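Peer 1: Provided below for reference: sequence and predicted model.
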Amino acid sequence: MKLPKKLRWLASLSMLVCLLLASTGCSEKIIVLNPKGPIAEHQRDLMLISTVLGCLVIIPVLILTAFIIWRYRDKPGRKASYSPNWAHSTKLELIWWGIPIIIIATLGVITARATYALEPSKPLESNVKPLTVQVTSLNWKWLFQYPEQGIATVNELKIPQGVPIRFEVTADSPMNSFWIPQLGGQIYAMSGMAMTLYLQADEQGKYWGSGANFTGKDFAKMYFDVDAVGTDEFDQWVKQVKADSPELTLDGYKELAQPSTLKTQTYSAFPKGLFEMTVTKYASSHHHGLSQKEMKDMPASHDPGSTHEDMPASHDHGSTDEDMTESHDHGSTDEDMPGMDMGDS
């Protein structure tokens, strides 16, 4: 039985809608499609818009391919028109060149605007003061330092809900990539550089984070839990860490930086300037986004036995703090912070 043309198109459209509905039912299992923060939400929307615009080209091409194969197949008594001298159609040329050009131009404008809007070092709009977390990629673990609270953790990241988090990311190991899929795209962690990434958790809960780059034998174990909690619970957790956890000394950090795996660990204090020390020990002639004020405020010495409350003794590489800040200023201000393209988002 031959179905009417309109009914066939309606059936095809219904199948497409059912397929889309079935696929969206899996969005909670695909964590990048289940955002829990403003950055991840914008990135999810950008992926969906890009997919829809791409489908405007791909789906008609696939349908036409199947139709042409079926319509012009070789069979006895076929009724398809035969035009051996046909060579050009202005109308068809306008359709199959014009529509893709319009779609690509639209996609380009949307992507360009989103790229600037989602610049990782751009502070989030909020009435709440951002919380700074300094992230160091080690072999094969993550060290999180809370400079304002004076505590540190390994493979455990706890943040308050609804508060912008200013991540400062570096590496004391091969280059890695810091990624919390439900909060935002990934950013590289590189030795000698301090990258800045703003994220925020709008809902309380546990989120999965990991390193997204190959860094050796146990790189697959470089994952961590992100626990978004209420502000009061976060403050209580900080007090508990300060009361019950040991201090991280420079000797302890050197041991921690050795290639090994570790589940979780908390520290009640850490050497002041440890993050800046980690950044500059690989690139003492560059500040890579650290502001001039931050470079001038860097401690002049690093005592292995000192804690976050004590000023450490010197980690000299042949240059002084004054030499470093004055001879390597590239016009940065205190507000200048590094950024990175979120092409991996």
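Peer 2: Done, it's in.
Peer 1: hang on, residue 226 in a helix?
Peer 2: No - per DSSP: H, G, I helix; E, B strand; the rest coil, residue 226 lies outside any helix segment and is strand.
Peer 1: so is the residue nearest to it when sequence neighbours are not counted in a helix, a strand, or just coil?
Peer 2: Leaving aside its sequence neighbours, residue 226 sits nearest to residue 207 (CB to CB, 6 or more residues apart in numbering; 4.2 Å). The way it works is simple: take the backbone N, C-alpha and C, and place the C-beta from them, glycine included. Residue 207 carries the three-state label strand when classified by three-state DSSP.
Peer 1: Please apply the same query to residue 135.
Peer 2: Once three-state DSSP is applied, residue 135 turns out strand.
Peer 1: Is it correct that it is in contact with residue 170?
Peer 2: Yes - at 7.3 Å, residue 135 counts as touching residue 170 under the criterion of CB atoms under 8 Å.
Peer 1: Among those two, which residue is more densely surrounded?
Peer 2: Neighbour count, other CB atoms under 10 Å: between residue 135 and residue 170, residue 170 has more, with 27 against 24.
Peer 1: The more buried one looks like it's in a helix, true?
Peer 2: No - counting by three-state DSSP, residue 170 is not found in a helix; it is strand.
Peer 1: Tell me the bridge partners for it.
Peer 2: Following DSSP bridges, residue 170 is listed with bridge partners residue 136.
Peer 1: Hmm, it is touching residue 193, no?
Peer 2: Yes - using CB under 8 Å, residue 170 is in contact with residue 193, at 6.3 Å.
Peer 1: Spell out which residues are contacts of both of the two.
Peer 2: Shared contacts of residue 170 and residue 193 (CB atoms under 8 Å, 6 or more residues apart in numbering): residue 279.
Peer 1: show me where pLDDT drops low in this protein?
Peer 2: 1-29, 283-345 (pLDDT under 70).
Peer 1: do that again at 80, thanks
Peer 2: 1-29, 74-75, 77-84, 282-345 (pLDDT under 80).
Peer 1: All the strands of it, residue numbers only.
Peer 2: Counting by DSSP state E, the chain has strands at residues 131-138, 141-146, 151-154, 156-160, 165-171, 176-180, 184-189, 195-199, 205-211, 223-229, 265-267.
Peer 1: With just CA atoms, put the third one into CSV.
Peer 2: Output for strand 151-154, consisting of C-alpha atoms alone and laid out as CSV, is shown next (Å, rounded to 0.1, in the frame of the first residue of the first chain):
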residue,chain,number,x,y,z
ILE,A,151,44.2,24.7,54.9
ALA,A,152,45.1,22.2,52.1
THR,A,153,43.7,18.9,50.9
VAL,A,154,44.7,16.1,48.5
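Peer 1: chain center to it: distance?
Peer 2: Its chain's C-alpha centre lies 21 Å from the corresponding centre of strand 151-154 when counted by CA atoms, centre = their mean, to the nearest Å.
Peer 1: helices or strands up against it?
Peer 2: The elements that strand 151-154 packs onto, with contact taken as 3 or more CB pairs under 8 Å, 6 or more residues apart in numbering; DSSP states H and E, are strand 141-146, helix 231-244, strand 265-267.
Peer 1: if you set the cut-off to 10 Å instead, what comes out?
Peer 2: Packed against strand 151-154 by the contact rule (3 or more CB pairs under 10 Å, 6 or more residues apart in numbering; DSSP states H and E) you find strand 131-138, strand 141-146, helix 231-244, helix 250-256, strand 265-267.
Peer 1: Name the surrounding residues that touch it.
Peer 2: 133-134, 136, 138, 141-146, 158, 224, 237-242, 245, 247-248, 253, 256, 262-271, 274-275, 308 (CB atoms under 10 Å, 6 or more residues apart in numbering).
Peer 1: Next, the buried residues of that strand.
Peer 2: Buried residues in strand 151-154, counted by 16 or more other CB atoms under 10 Å: 151, 152, 153, 154.
Peer 1: on that earlier part again, are there residues contacting both of residue 135 and residue 170? Which ones?
Peer 2: 143, 176, 178, 189, 194, 195, 275.
Peer 1: I'm done for today, thanks for sticking with me.
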